[in-house]
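[1] Starting from these lines, generate the structure:
(2 chains)
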Number of protein chains: 2
Amino acid sequence: MGVLYLIPTTLGDGNLQDILPMGNSLIISSLRYFIVENIRSARRFLKSVDKSISIDDICFYELNEHTDRSGIDVMLQPLYEGHSVGIISEAGCPAIADPGADVVALAQTKNIEVVPLVGPSSIILSLMASGFNGQNFAFVGYLPIDKKACIQRLKQLEGRAVAENQTQIFIEAPYRNNQLLQDIFSTLQPTTKLCIASELTTTEQYIRTQTISQWRHIQVDFNKKNTIFLIYK
Amino acid sequence: MGVLYLIPTTLGDGNLQDILPMGNSLIISSLRYFIVENIRSARRFLKSVDKSISIDDICFYELNEHTDRSGIDVMLQPLYEGHSVGIISEAGCPAIADPGADVVALAQTKNIEVVPLVGPSSIILSLMASGFNGQNFAFVGYLPIDKKACIQRLKQLEGRAVAENQTQIFIEAPYRNNQLLQDIFSTLQPTTKLCIASELTTTEQYIRTQTISQWRHIQVDFNKKNTIFLIYK
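    Residues are numbered from 1 along each chain as shown, chains lettered A, B, ... in the order given. As a prediction, this is how the structure comes out:
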């Protein structure tokens, strides 16, 4: 049986050599089957990894929120025939915050070997640089869109950070970052610490930890920037 | 002011080029000050990254469980004088499950630029390959040593996996892995899923997801192997 490789990509415009191990390229160049979130950007990524790659010889399966879940088994077919398959995410590590996890879960039930490759995770990079507790942390994805529900969730996460000594990590759709920050500033305790990590691994990288009361005195604008938020007591 | 670099290392005997981006080497070779958990293994790592590195010209600060926390400020002194400093962990990403976080926290209060480099995280690699929920997960470090407390904690984590749809990730001292597995098998529900990920990125890499009832029928031995455990409903 083939091997199912999980292939991370860059998080932004950063230099490939600074962000991905060279060994990944060799594996990528050897594959002819890929499961991808978006074929166009996957093609661009493959070309950036290996200019000599013959895109026309590659079979892509598209897997995103529009994909019928019953079609996943077909994507594993090459593996049964001895061909290895790669899953490529849109940004960062596949199956962490994208649909790849469904494929991996099915592969695990079929005893297919799953091999994750090293790459950038905004969760780990921001946690390393935050100074917060890395021995106990939770990534909880997106907060609720509804303002009241969002504020309630923020209070719950702050409570858990204090009660369990657990760093709480979350994200927001980039165009809503500034609104979320206003909710954070008005909801959390002045002594609670917030780390804002934005555009990681790019030339615009920004990572800063301060208390909520310190943040309140600073003009911040993270509109449309890829940003991750961490809170800790 | 200098920059504080967070420098990941390999997780085991894996090939450096397969695990760390080439760009990391250039940064490492440019530094003369390092904060490390163990000077001997840090020296060995630096030599493996760059054979031409002059170890005698390097200033090491040792930071581990024996280090007096009041000495941390001294370790940041080179940064105030314009020299960049690297933090190297024993395995994987610094400040995630080692003392580096204290230094980073202090650096953040002094407005020192903190730059995390990409490297292997057993938490992210195992989560990618588990097929479990990567949009909501918690890493909770070590479980209690006391058997009763450990079993209670396992039940609590299983409860949270179900109630909050949150993957729960934990580790154990390698010589206690088999005992922990017995407690897991006897405590958790038969339908709960367990992923065991061992010796990641090495030639002995093993990653497998099954239900507790399936695991119970298999002879497993992870004694003295670096292993990470994930549970999900």
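[2] Quick check: can you list the domain ranges of chain A?
    What automatic domain parsing lists as the domains of chain A is A:3-116, A:122-232.
[3] near chain B, anything from the last one?
    Yes - contact of domain A:122-232 with chain B (CB under 8 Å from any CB of the partner chain) involves A:123-141, A:166, A:195, A:200-201, A:205, A:207-210. Where C-beta positions appear, they are placed from N, C-alpha and C, glycine not excepted.
[4] returning to that earlier point: turn the domains of chain A into TSV, columns for mean neighbour count and distance to B:F60.
    Listed next are the domains of chain A as TSV, based on neighbours: other CB atoms under 10 Å in any protein chain shown; distance: least, CB to CB, whole Å:
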stretch	mean neighbour count	distance to B:F60
domain A:3-116	18	25
domain A:122-232	19	20
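[5] Out of those, which is closest to B:K233?
    The minimum distance between B:K233 and the domains of chain A falls on domain A:3-116, with 12.0 Å, by CB to CB.
[6] separation between the residue located most distally from the centre of chain A and chain B?
    Most distant from the centre of chain A: A:E81, at 30.6 Å, with distances by CA atoms, centre = their mean. A:E81 is 21 Å from chain B, where distance means CB to the nearest CB, to the nearest Å.
[7] ok, the spatially closest residue to that residue that is not a sequence neighbour - how many residues close by?
    Excluding its sequence neighbours, the residue lying closest to A:E81 (CB to CB, 6 or more residues apart in numbering or on different chains) is A:G2, at 7.5 Å. Residues lying near A:G2 (other CB atoms under 10 Å in any protein chain shown) number 17.
[8] Packing partners of the lengthiest helix in chain A?
    Criterion DSSP state H: the longest helix present in chain A is helix A:147-164. In terms of contacts (3 or more CB pairs under 8 Å, 6 or more residues apart in numbering or on different chains; DSSP states H and E), helix A:147-164 is packed against strand A:167-171, helix A:177-187, strand A:227-232.
[9] who wins for proximity to A:V49 among those?
    Nearest of the helices and strands packed on helix A:147-164 (CB to CB): strand A:227-232, 25.1 Å.
[10] What helices and strands are in contact with that closest one?
    In this structure, strand A:227-232 packs against helix A:122-130, helix A:147-164, strand A:167-171, helix A:177-187, strand A:193-198, with contacts taken as 3+ CB pairs under 8 Å, 6+ apart.
[11] how about those in JSON lines, adding mean pLDDT?
    As requested, the helices and strands packed on strand A:227-232 are exported to JSON lines (pLDDT from 0 to 100):
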{"stretch": "helix A:122-130", "mean pLDDT": "97"}
{"stretch": "helix A:147-164", "mean pLDDT": "97"}
{"stretch": "strand A:167-171", "mean pLDDT": "98"}
{"stretch": "helix A:177-187", "mean pLDDT": "97"}
{"stretch": "strand A:193-198", "mean pLDDT": "98"}
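[12] TSV for those, including distance to A:L6?
    Shown next, in TSV, are the helices and strands packed on strand A:227-232 (distance: least, CB to CB, whole Å):
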stretch	distance to A:L6
helix A:122-130	15
helix A:147-164	28
strand A:167-171	20
helix A:177-187	28
strand A:193-198	23
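[13] for these, which one sits closest to B:C93?
    Among these, helix A:122-130 sits nearest to B:C93 (CB to CB), with 5.5 Å.
[14] next helix or strand past that closest one?
    Counting by DSSP states H and E, the next helix or strand C-terminal to helix A:122-130 is strand A:137-142.
[15] Does anything pack onto that following strand? Which helices or strands?
    strand A:167-171, strand B:137-142.
[16] pLDDT averaged over it - what is it?
    Across strand A:137-142, the average pLDDT comes to 97.
[17] hmm, who's touching it?
    Contact with strand A:137-142 is made by A:97, A:123, A:127, A:157, A:160, A:166-173, B:135-139, B:166, as judged by CB atoms under 8 Å, 6 or more residues apart in numbering or on different chains.
[18] 7 Å instead, please
    Applying CB atoms under 7 Å, 6 or more residues apart in numbering or on different chains, the contact partners of strand A:137-142 are A:97, A:123, A:127, A:157, A:166-172, B:135-139.
[19] swap in stretch A:189-209?
    A:10-14, A:19, A:120, A:122, A:125-126, A:129-132, A:158, A:184, A:210-213, A:215, A:222, A:225-233, B:108, B:114.
[20] now with 6 Å?
    With contact meaning CB atoms under 6 Å, 6 or more residues apart in numbering or on different chains, stretch A:189-209 is reached by A:11-14, A:19, A:120, A:122, A:125-126, A:129-131, A:158, A:211-213, A:215, A:222, A:225-228, A:230-232, B:108, B:114.
[21] which SS state does A:D56 fall under?
    helix (DSSP: H, G, I helix; E, B strand; the rest coil).
[22] And A:P144, by the same measure?
    coil.
[23] hang on, it packs against A:I151?
    No - if you go by CB atoms under 6 Å, A:P144 and A:I151 don't touch, sitting 9.1 Å apart.
[24] now what about whichever helix or strand A:S48 is part of, what contacts it?
    In the assignment (DSSP H and E), A:S48 maps to helix A:39-49. Outside helix A:39-49, the residues that touch it by CB under 6 Å, 6+ apart are A:9, A:25, A:28, A:36, A:53, A:55, A:60, A:62, A:88.
[25] Leaving out chain neighbours, which residue sits closest to the fourth one?
    To tie it back to what came earlier, the one meant is A:V36. Among residues not flanking A:V36 along the chain, A:A42 sits closest, at 3.7 Å (CB to CB, 6+ apart).
[26] Chain B versus the one you found, what's the distance?
    In terms of CB to the nearest CB, A:A42 sits 17 Å off from chain B.
[27] measure that residue to A:L20 for me?
    Distance of A:A42 to A:L20, computed by CB to CB, to the nearest Å: 15 Å.
[28] again with A:L26
    Distance check for A:L26 against A:L20: by CB to CB, it reads 12 Å.
[29] can you check A:R32 too?
    In terms of CB to CB, A:R32 sits 20 Å off from A:L20.
[30] Can you give me the first-to-last residue distance of stretch A:90-107?
    End-to-end distance of stretch A:90-107: 21 Å, with CA to CA, to the nearest Å as the criterion.
[31] Correct me if wrong, but A:I35 is in a strand.
    Yes - judged by three-state DSSP, A:I35 forms part of a strand.
[32] So in terms of bridging, what pairs with it?
    Per DSSP bridges, the residues bridged to A:I35 are A:Y61, A:I87.
[33] Please tell me I have it right and it contacts A:F60.
    No - using CB under 6 Å, A:I35 is not in contact with A:F60, being 7.9 Å away.
[34] so how far is stretch A:107-125 off the chain centroid?
    Its chain's average C-alpha position is 12 Å from that of stretch A:107-125, according to CA atoms, centre = their mean, to the nearest Å.
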